[in-house]
Each structure stands twice: as C-alpha cells, then as structure tokens.
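**Student:** Take this sequence and fold it.
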Amino acid sequence: MLIAVAGNIGSGKTTLTTLLAKHYKWDTHFEDVDDNPYLNDFYNDMQRWSFNLQVYYLTSRISKIQEINKSGKATIQDRTLYEDAYIFAPNLHSMGLMTTRDFETYFSLFKLQETFINPPDLLIYLRASVSTLVNQIQKRGRDYEESIRLDYLKCLNERYEAFISTYDQGKILIIDVDTNNFSEKAEDLGVIINNIDAELHGLFKTK
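**Tutor:** Presented below is the predicted three-dimensional model:
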C-alpha cells in the first residue's frame with residue numbers, strides 16, 4: 001500500500017508524513033532536500049536550472065516508487081510524481097523559467113515513465129493559503145527558501161487546485177491546513193486519522 005502526501009512548499013507534508021508513519025507504523029519516503037544537487041542553484045537561478053531539477057526529481061521519484069513496490073511494505077511518501085509533471089514543471093514553463101523545448105522533453109519523459117508505476121492508494125492533499133505557506137516556510141528557516149517569491153507560491157497554489165479538481169487516479173483526502181493545525185494539536189491530527197481510516201476502509205468520510 002502506498003499513501004502519498006501532496007501540497008505546496010511549506011504546507012506541512014514532511015510533518016504530516018512523519019506523524020502518520022508513527023501512528024500507522026508505515027515506512028516513509030521523504031523528498032530529497034538536503035542532498036539535492038540542484039536545489040540551491042535552482043532557487044538562485046530558476047531559468048538556468050529548472051530542467052535539470054525536474055529531471056532529477058523525476059528519476060529520483062521513479063526509483064523510489066520501484067523500491068517501495070519491491071519492498072511490499074505499506075509506505076507513506078512525501079510529495080508525488082504527479083506534482084512535478086502537472087504543477088511544478090508547467091508552472092516553470094508558463095513563467096518563462098523553462099523553455100518549451102525543455103518542457104516538452106521533460107513531459108514526454110514523464111509520460112513514458114508513468115506507464116511503469118501505479119498511482120497511490122490514497123492521495124492526501126494539504127491545502128494552504130499563501131500566508132500560511134509563508135509563515136511555515138519562515139518557521140523552518142531553510143536558507144535556500146528565503147528567495148522564494150510570493151507570486152511563485154501563488155501560481156503553484158492555483159495549479160494545485162486545478163490538478164486536485166481533476167484528479168481521478170484514486171482516492172483523495174483534502175486537508176485544510178489553515179484550519180487544521182495537526183503539527184501542534186493532537187485533536188486535529190485525530191481528525192485526519194479518522195478520515196484516512198474512512199477512506200482506506202470504505203467507511204463514510206468527511207472532508
């Protein structure tokens with residue numbers, strides 16, 4: 001079983017992944033941030049490094065999904081393959097930070113690789129306003145994220161909403177991070193756990 005947590009930068013994916021893995025005793029897969037060889041360069045010069053970064057993420061996520069499938073263990077994953085292809089790469093292209101040639105090459109590679117993997121059994125989407133994202137990004141204090149532009153976060157949010165509204169690969173659970181403080185309130189985390197149980201076991205659900 002594969003559970004995936006999706007959401008914009010600073011929405012709380014890593015925190016929720018950690019909390020749910022502890023509760024359910026699932027294996028975890030976190031997004032490669034500290035060891036990512038392109039991330040610092042990308043935030044300093046998005047146009048130069050956008051294609052390199054997206055190809056790196058594509059190969060990294062495909063490799064990890066293959067490992068998860070081979071393990072046969074229930075796993076929760078921080079960020080999905082779909083977010084790169086349908087949100088981050090198209091956003092970079094529309095902002096003029098990735099050439100049409102590079103975007104088309106990247107997306108063709110994604111569509112080819114997509115045929116070799118299965119979608120997650122449950123997708124958890126963390127919906128958050130830009131102000132909430134900025135607040136949480138500032139709290140964690142990563143140097144390379146200091147240069148993230150507000151318009152970049154806003155565009156990503158819009159693309160996330162468009163993606164989620166048409167997502168039909170499997171079950172989905174939407175969490176409003178503006179009103180659910182799962183990182184600090186046990187009762188808020190409990191609401192999420194109850195909804196996950198409902199989704200996975202076919203009970204009635206609330207969103």
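**Student:** Spatially central residue in this protein, please.
**Tutor:** Closest to where the C-alpha atoms of the chain average out (CA atoms, centre = their mean) is Arg79, at 2.8 Å.
**Student:** For the top helix by length along the chain, name the packing helices and strands.
**Tutor:** For the chain, the longest helix by residue count, based on DSSP state H, is helix 46-71. Under the contact definition 3 or more CB pairs under 8 Å, 6 or more residues apart in numbering; DSSP states H and E, helix 46-71 sits against strand 27-29, helix 39-44, strand 75-78, helix 81-83, helix 89-94, helix 100-114. Heads up, the C-betas are built off the backbone N, CA and C, glycines and all.
**Student:** Any chance of TSV for these, columns mean pLDDT, distance to Leu19 and mean neighbour count?
**Tutor:** Formatted as TSV, the helices and strands packed on helix 46-71 follow (pLDDT from 0 to 100; distance: least, CB to CB, whole Å; neighbours: other CB atoms under 10 Å):
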stretch	mean pLDDT	distance to Leu19	mean neighbour count
strand 27-29	92	11	16
helix 39-44	87	24	16
strand 75-78	93	10	23
helix 81-83	91	20	21
helix 89-94	94	28	20
helix 100-114	95	29	14
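**Student:** Tabulate these in JSON lines, adding columns for distance to Glu161.
**Tutor:** Formatted as JSON lines, those follow (distance: least, CB to CB, whole Å):
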{"stretch": "strand 27-29", "distance to Glu161": "25"}
{"stretch": "helix 39-44", "distance to Glu161": "24"}
{"stretch": "strand 75-78", "distance to Glu161": "20"}
{"stretch": "helix 81-83", "distance to Glu161": "13"}
{"stretch": "helix 89-94", "distance to Glu161": "13"}
{"stretch": "helix 100-114", "distance to Glu161": "20"}
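**Student:** mind checking which of those is nearest Asp188?
**Tutor:** Evaluated over the helices and strands packed on helix 46-71, closeness to Asp188 peaks at strand 75-78, with 17.9 Å, by CB to CB.
**Student:** which one of the helices and strands packed on helix 46-71 lies closest to Ile65?
**Tutor:** helix 81-83 (7.0 Å).
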